[in-house]
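**Q** Provided below for reference: sequence and predicted model.
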Amino acid sequence: MQEHYVWVTTRRLQPGTLEEFERAWRPAPAPAGLHRAYAYWSEDGQEITGVSFWDTQESCDAWRASDPEAQRRAAMAPYVVSESEGFYRGRELTLPGVGHE
């Protein structure tokens, strides 16, 4: 099975700032080594979890240490109350009765 390298960040936001946060959150251009990214938010819009898939841990670390990422984090900061983050390795689970074409 293919192994994935994943960065997960969960942030608690100031009430009513999800839309502004999302504008600040999107990196431009996309970082080298990033394959895809997802955002999941709570029903009240005050918690958002970002999940990004990378080709290697080194490419993720390089992005995290870059000036564009520092600028992006500064742009998000006014909307963030708290955050937690971590880097993980893993793979897709095979579920009985679920096809993978």
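**A** Now that the structure is in, tell me what you want to look at. Only a predicted model underlies this, so the values are computations on that prediction, with no experimental measurement involved. Numbers count the residues shown, from 1 in each chain.
**Q** Which pLDDT value does the model give the residue nearest the centre of the chain?
**A** Centroid check for the chain by C-alpha atoms, centre = their mean gives Gly50 as the closest residue, at 3.1 Å. Looking at Gly50, its pLDDT reads 94.
**Q** please begin residue numbering at 457 from this point
**A** Sure, I'll start counting at 457 from here, so that last one is Gly506.
**Q** show me where the protein has strands.
**A** Along the chain, the stretches classed as strands by DSSP state E are 459-469, 490-497, 503-510, 536-547.
**Q** Reformat those as a markdown table; add distance to Phe477.
**A** From N, CA and C alone the C-beta is placed, and that goes for glycine too. Supplementary listing: the strands of the chain in a markdown table, determined by distance: least, C-beta to C-beta, whole Å:
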| stretch | distance to Phe477 |
| --- | --- |
| strand 459-469 | 6 |
| strand 490-497 | 9 |
| strand 503-510 | 7 |
| strand 536-547 | 7 |
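**Q** which outside residues touch the helix ranked longest in the chain?
**A** Counting residues, the longest helix in the chain under DSSP state H turns out to be helix 523-532. Outside of helix 523-532, the residues within contact range by C-beta atoms under 8 Å, 6 or more residues apart in numbering are 467, 477, 480-481, 483, 487, 519.
**Q** Closest to Ala495 out of the residues you listed?
**A** For the contacts of helix 523-532, the residue nearest Ala495 by C-beta to C-beta is Trp481; the value is 7.4 Å.
**Q** Show me the shaky parts of this structure.
**A** In the prediction, the chain carries residues with pLDDT under 70 at positions 457, 483, 555-557.
**Q** Just give the nearest non-adjacent residue to Ser540, would you?
**A** Thr466 (5.3 Å; C-beta to C-beta, 6 or more residues apart in numbering).
**Q** among the contacts of helix 523-532, which are in helices?
**A** Residues from the contacts of helix 523-532 lying in helices, with DSSP H as the criterion: 477, 480-481, 519.
**Q** Nearest to Gln502, out of those: which one, please.
**A** The closest of these to Gln502 turns out to be Phe477 (C-beta to C-beta; 10.1 Å).
**Q** Specify the beta-bridge partners of Leu504.
**A** That one is not Leu; residue 504 is Ile. Beta bridges link Ile504 to Arg467, Trp497 when assigned by DSSP bridges.
**Q** This completes my enquiry, with thanks.
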